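K.L.:
Sequence unavailable; structure follows:
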């Protein structure tokens with residue numbers, strides 16, 4: 001296992017750390033986000049109200065082709081994005097990059113809204129209608145149909161099928177197993193086995209069952225977790241100005257800490273903030289378009305407009321609440337009674353922040369995080385199974401979908417029973433290799449998305465009267 005870990009670390013350092021002065025991956029992510037935002041006139045700021053109207057069903061039409069409603073598509077995509085990244089991902093970013101890493105997560109959220117809009121609109125426009133009436137969509141289809149770059153479409157689909165096993169599966173299972181073992185001494189093997197069975201029951205039913213389950217789980221788990229963070233913040237509201245100041249100053253002048261903080265350089269803080277921001281909201285990664293392309297609508301831009309809400313909900317709201325909870329309680333820089341650094345990381349760090357912030361619960365505040373981790377992870381795995389099987393369907397065909405789903409279930413058990421560092425590194429690699437071809441295609445198709453946007457919002461129909 002050590003040898004595997006060394007290989008994964010070497011690959012990860014190339015994807016996320018080359019060159020050291022300013023990694024190309026960051027240039028591609030930030031640069032594409034800025035480029036698309038300006039080309040679309042910062043649509044993420046101008047069309048929020050219309051996005052909300054669409055999501056609440058104002059323009060739903062059952063006669064439109066597709067598998068699920070706008071709300072179910074958003075819920076499925078959110079259940080894959082709102083998850084471990086909001087709990088363990090934020091904590092990991094702060095652990096390695098300091099409070100300032102949260103600032104760079106905000107940046108990925110703001111720029112990510114335009115990327116989500118673009119990729120989901122393109123996915124709807126170029127989606128494939130299957131003979132059985134279902135639909136398939138995602139970056140592999142718009143890369144092939146719009147650009148004719150079959151090789152890049154195949155590269156994306158391969159990366160997506162692997163990323164689904166890693167980021168959307170093994171990482172989730174690992175976090176759940178780690179939390180339940182830490183809190184209740186439950187065997188990671190037992191957790192892995194039970195999680196495998198639960199997810200299998202749902203994903204073998206296809207996207208319609210996935211949509212029904214996630215439309216219930218996603219709002220429920222979000223309300224539970226947000227309520228907990230708000231309670232901590234309101235009980236420490238006097239510390240908010242100082243925490244925000246620490247986040248902003250730390251983004252540009254990170255400093256060492258007395259505990260396990262490893263990030264003492266600007267670049268370290270930037271990399272961890274953007275990497276975990278992408279892990280959380282998946283903007284530009286190409287995953288959400290696979291879910292949104294299943295929505296019932298004949299207007300691609302309409303579904304893209306719904307999608308731009310995701311980074312607002314995920315990164316700018318939920319990740320911020322997590323980050324503030326960790327910073328205002330001092331959990332990120334905590335020491336024990338002897339002055340020894342606790343050096344907490346991942347979900348245990350967020351759990352500790354809840355324990356410190358919700359003192360009235362007598363040390364049980366961390367169990368809110370445990371419950372949220374469980375719901376978030378199960379929901380995320382369910383959604384990512386769909387992303388993976390759409391990718392494998394594109395590569396091999398329908399005959400490969402069921403075997404892939406079985407492999408997906410096996411990887412749940414693998415993720416639950418392996419070391420955190422190995423599993424998360426595997427996830428980061430999958431995240432990077434999946435994102436690169438999608439961002440390249442977004443840049444290449446920027447003219448197409450600008451034209452589609454102008455056509456839709458200039459229409460003389462009742463939606464805009």
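P.N.:
In hand now; what should we look at? All of these numbers come straight from a predicted model, not from anything done at the bench.
K.L.:
Stretch 228-248 - what's its average pLDDT?
P.N.:
Mean per-residue pLDDT for stretch 228-248: 93.
K.L.:
contacting residues around it?
P.N.:
Residues from elsewhere that reach stretch 228-248 (C-beta atoms under 8 Å, 6 or more residues apart in numbering): 99-100, 102-103, 318, 321-325, 327-329, 353-354, 357-358, 365, 368-369, 372. To be clear about C-beta, it is placed using only N, CA and C from the backbone, and glycine gets the same treatment.
K.L.:
In helices, which of those residues appear?
P.N.:
When DSSP state H defines the helices, the subset of the contacts of stretch 228-248 inside them is 102-103, 321-325, 327-328, 353-354, 357, 368-369, 372.
K.L.:
Can you check the residues you listed and name whichever has the most neighbours?
P.N.:
Using other C-beta atoms under 10 Å as the neighbour test, those are led by residue 322, with 33 neighbours.
K.L.:
how many neighbours does the closest residue to that residue other than its chain neighbours have?
P.N.:
Leaving aside its chain neighbours, residue 322 sits nearest to residue 90 (4.4 Å; criterion: C-beta to C-beta, 6 or more residues apart in numbering). Neighbour count of residue 90, defined by other C-beta under 10 Å: 32.
K.L.:
try the one 3 residues further on
P.N.:
Neighbours of residue 93 under the rule other C-beta under 10 Å: 32.
K.L.:
what's the answer for residue 24, then?
P.N.:
15.
K.L.:
How about residue 119?
P.N.:
Neighbourhood size, residue 119 [other C-beta under 10 Å]: 33.
K.L.:
you'd agree residue 276 is up against residue 88?
P.N.:
No: when contacts are counted by C-beta atoms under 8 Å, residue 276 is not listed as touching residue 88 (9.2 Å).
K.L.:
More neighbours: the two, which one.
P.N.:
Shown here are residue 276 and residue 88; by other C-beta under 10 Å, residue 88 has more neighbours (34 against 30).
K.L.:
That one touches residue 344, doesn't it?
P.N.:
No: counting by C-beta under 8 Å, residue 344 is not a contact partner of residue 88; they are 11.0 Å apart.
K.L.:
which SS state does the residue nearest to residue 322 fall under?
P.N.:
Three-state assignment for residue 90 (DSSP: H, G, I helix; E, B strand; the rest coil): helix.
K.L.:
Quick check: it vs residue 439, distance?
P.N.:
23 Å (C-beta to C-beta, to the nearest Å).
K.L.:
What is the least confident helix or strand in this protein?
P.N.:
The helix or strand of the chain with the poorest confidence is helix 70-81; it has a mean of 62 (mean pLDDT, DSSP states H and E).
K.L.:
Just give me how far the helix or strand that that one is followed by sits from the chain centre.
P.N.:
Downstream of helix 70-81, the next assigned helix or strand under DSSP states H and E is helix 84. Computed by C-alpha atoms, centre = their mean, to the nearest Å, the separation of helix 84 from the middle of its chain amounts to 8 Å.
K.L.:
Over to stretch 288-300?
P.N.:
Distance, centroid of stretch 288-300 to centroid of chain: 18 Å (C-alpha atoms, centre = their mean).
K.L.:
For the closest residue to residue 92 other than its chain neighbours, the count of nearby residues, please.
P.N.:
What sits nearest to residue 92 in space, not counting adjacent residues and going by C-beta to C-beta, 6+ apart, is residue 346, at 5.6 Å. Neighbourhood size, residue 346 [other C-beta under 10 Å]: 22.
K.L.:
Residue 412 now?
P.N.:
Residue 412, neighbours per other C-beta under 10 Å, totals 31.
K.L.:
For the stretch 101-250 of the chain, just list every one of the strands.
P.N.:
Secondary structure of the stretch 101-250 of the chain (DSSP state E, counting those that start in this stretch): strands located at 128-129, 135-136.
K.L.:
Share the number of residues neighbouring the residue lying closest to residue 8 once chain neighbours are set aside, please.
P.N.:
Nearest residue to residue 8, sequence neighbours excluded (C-beta to C-beta, 6+ apart): residue 425, at 4.4 Å. Using other C-beta under 10 Å, residue 425 has 23 neighbouring residues.
K.L.:
Sticking with residue 425, tell me its helix or strand.
P.N.:
Assessed by DSSP H and E, residue 425 sits inside helix 420-444.
K.L.:
got the buried residues for that helix?
P.N.:
For helix 420-444, the neighbour count (16 or more other C-beta atoms under 10 Å) marks 420, 422-442 as buried.
K.L.:
Next: stretch 95-104.
P.N.:
Buried-residue list, stretch 95-104, by 16+ other C-beta under 10 Å: 95, 96, 97, 98, 99, 100, 101, 102, 103, 104.
K.L.:
With stretch 357-371 instead?
P.N.:
Neighbour-count burial for stretch 357-371 [16+ other C-beta under 10 Å]: 357, 358, 365, 366, 367, 368, 369, 370.
K.L.:
ditto for stretch 410-419
P.N.:
411, 412, 413, 414, 415, 416, 417, 418.
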